[in-house]
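Asker: show me how the following folds:
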Amino acid sequence: MSALALNAEALYLELLRGVRSLCKADTRLVGITSGGAWLAERLQRDLQLPGEAGRVSSVMHRDDFAQRGLSAGGQTHLPFSAEGADILVLDDVLYTGRTIRAVLNELFDYGRPARVQLAVLVDRGGRQLPIQADFAAARVALPETQSLALARDASGAFSFQVENKA
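Answerer: Below is the predicted model:
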């Protein structure tokens, strides 16, 4: 573990502010499994939006599928039609951009959205694809040897886990 101190709850409040400015009356929230889905669920509640947030998995469209295989991260669930929708995708950490590319492919399997925006809790740089967030609550620099992920406890409170890669 690392000594990097990020207050996930404080960053969530910043994300809430940013998402509020990105949302229109018909915007639908979709979280990337799992951290992004947790964010979307909580934002849906805190913004008092009708219906339920969607959840999208990147598994089937990943360019490293052969190495990773199917993960237990969950399946895509869109409780609305993606066709013509204004979608705000949420993720916990934006890094290389490869997960976002896979998620966009997955979304388009469900229809052609009118617009897709991206909001993230943390942008850690290190992009390998030309993808950027419309809103990031924080920007941090981490070495390639570390990973950063959102965790959620039994009460729903957020924290970060920083781990050294083997």
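Asker: middle-most residue in this structure, spatially?
Answerer: residue 91 (1.1 Å; Cα atoms, centre = their mean).
Asker: list the contacts of stretch 91-104.
Answerer: For stretch 91-104, contacts defined as Cβ atoms under 8 Å, 6 or more residues apart in numbering pick out 31-32, 35-36, 38-39, 56, 58-64, 89, 116, 118-131, 133, 136, 148-150. Any C-beta I mention is one placed from the backbone N, CA and C, and that applies to glycine too.
Asker: the residues you listed in helices, which ones?
Answerer: Judged by DSSP state H, these include 35, 36, 38, 39 as members of helices.
Asker: any chance of the residues you listed in JSON lines, plus neighbour count?
Answerer: Formatted as JSON lines, the ones in helices among the contacts of stretch 91-104 follow (neighbours: other Cβ atoms under 10 Å):
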{"residue": "35", "neighbour count": "25"}
{"residue": "36", "neighbour count": "29"}
{"residue": "38", "neighbour count": "21"}
{"residue": "39", "neighbour count": "29"}
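Asker: with distance to residue 157 as new columns, can the residues you listed be given to me in CSV?
Answerer: Below are the ones in helices among the contacts of stretch 91-104 laid out as CSV (distance: Cβ to Cβ, whole Å):
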residue, distance to residue 157
35, 13
36, 17
38, 11
39, 13
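Asker: state the mean pLDDT of stretch 13-32.
Answerer: Mean pLDDT, stretch 13-32: 97.
Asker: cool, and stretch 40-56?
Answerer: Mean predicted confidence for stretch 40-56 is 97.
Asker: contact partners for residue 46?
Answerer: By Cβ under 8 Å, 6+ apart, residue 46 lies in contact with residue 16.
Asker: against residue 36, how distant is it?
Answerer: In this view, residue 46 and residue 36 are 15 Å apart by Cβ to Cβ, to the nearest Å.
Asker: spit out the contact partners of residue 128.
Answerer: By Cβ under 8 Å, 6+ apart, the contact set of residue 128 is 96, 97, 98.
Asker: among the residues you listed, which lie within strands?
Answerer: Using DSSP state E, no member of those falls in strands.
Asker: for PyMOL, what selects the buried ones among these?
Answerer: Command for PyMOL that selects the buried part of these, burial taken from 16 or more other Cβ atoms under 10 Å:
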select buried, resi 97+98
